[in-house]
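Peer 1: Let me see the structure of the following:
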Amino acid sequence: MIKKAGFGGGCHWCTEAVFAALKGVLSVQQGWIASDGENDFFSEGVMIEFDTQIISYEVLIAIHLHTHSATSQHSMRGKYRSAVYTFSDADIAVAQQAINKLQKDFEQPIITKVLPYADFKLNREDSLNYYFSDPGRPFCETYINPKLKLLLEQFSEVTDSSKLGHL
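Peer 2: Residues are numbered from 1 along each chain as shown. Reported below is the predicted structural model:
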């Protein structure tokens, strides 16, 4: 079954690269996501489509929490809201359960919010596929490569290592 999910937490270039490196993720759109209420402003993130026969929503959430500062209430949280954006009541329940279950992996409380998806704006064309268009950029080597190495170490069963042969 093909499903949608949204994730925000750090730089959308980083988040895009992480999800694009996974088996079962069919598409990744990088840009800005908004929810509703106090979270109705746009924050960097990605929208993905994934095949639940290959990768589960719970595993995607685990990867998301482990590849950004899911416990840090830093000064850039407005730009980098830590969130899982949902499309149904069932998604809300699964996401909250997954986060609660994963809390044991972290010393500090997870601050990642489960929020309803409201809107998305795609980034400029020249910023899309940022990492895979030139992985040798200093930004990629400094910030994205460590996240992708973590994928290879902790989530190897769902990481498409053929995309990461240069690491």
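
Peer 1: Only C-alpha atoms from now on, for both contacts and neighbour counts.
Peer 2: Fine.

Peer 1: What is the distance between the host helix or strand of residue 85 and the centre of its chain?
Peer 2: Per DSSP states H and E: residue 85 is located in strand 83-86. Centroid separation for strand 83-86 versus its chain: 9 Å, with CA atoms, centre = their mean, to the nearest Å.

Peer 1: and after that strand, which helix or strand comes next?
Peer 2: helix 89-102.

Peer 1: What mean pLDDT does that following helix get?
Peer 2: Averaged across helix 89-102, pLDDT comes to 97.

Peer 1: In contact with residue 51, which residues are there?
Peer 2: Residues near residue 51 by CA atoms under 8 Å, 6 or more residues apart in numbering: 1, 2, 3, 24, 25, 26.

Peer 1: for residue 163, same thing?
Peer 2: Residues counted as contacts of residue 163 (CA under 8 Å, 6+ apart) are residue 21.

Peer 1: make it 10 Å
Peer 2: Residues near residue 163 by CA atoms under 10 Å, 6 or more residues apart in numbering: 20, 21, 22, 132.

Peer 1: Can you lay out the residues you listed as a markdown table showing distance to residue 67 and neighbour count?
Peer 2: Output for the contacts of residue 163, formatted as a markdown table (distance: CA to CA, whole Å; neighbours: other CA atoms under 10 Å):
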| residue | distance to residue 67 | neighbour count |
| --- | --- | --- |
| 20 | 13 | 22 |
| 21 | 12 | 21 |
| 22 | 13 | 24 |
| 132 | 17 | 16 |
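
Peer 1: Which of those residues fall within helices?
Peer 2: 20, 132 (DSSP state H).

Peer 1: circling back to that earlier point, ok, residues contacting the strand holding residue 85?
Peer 2: Under the criterion CA under 10 Å, 6+ apart, residues 4-10, 33-35, 43, 45-47, 60-61, 64-65, 70, 91-96, 99, 111-118 lie in contact with strand 83-86.

Peer 1: Could you identify the most distant pair in the contacts of residue 163?
Peer 2: 22 and 132 (13.1 Å; CA to CA).

Peer 1: And residue 136, what's its pLDDT?
Peer 2: Confidence score, pLDDT, at residue 136: 92.

Peer 1: can you check the one 4 residues further on too?
Peer 2: The predicted local distance difference test score for residue 140 is 93.

Peer 1: And for residue 167?
Peer 2: Looking at residue 167, its pLDDT reads 80.

Peer 1: roughly how far apart are it and residue 139?
Peer 2: Applying CA to CA, to the nearest Å, the value for residue 167 to residue 139 is 15 Å.

Peer 1: Also residue 26?
Peer 2: Taking CA to CA, one finds residue 26 at 25 Å from residue 139.

Peer 1: tally of neighbours for residue 106?
Peer 2: Residues lying near residue 106 (other CA atoms under 10 Å) number 12.
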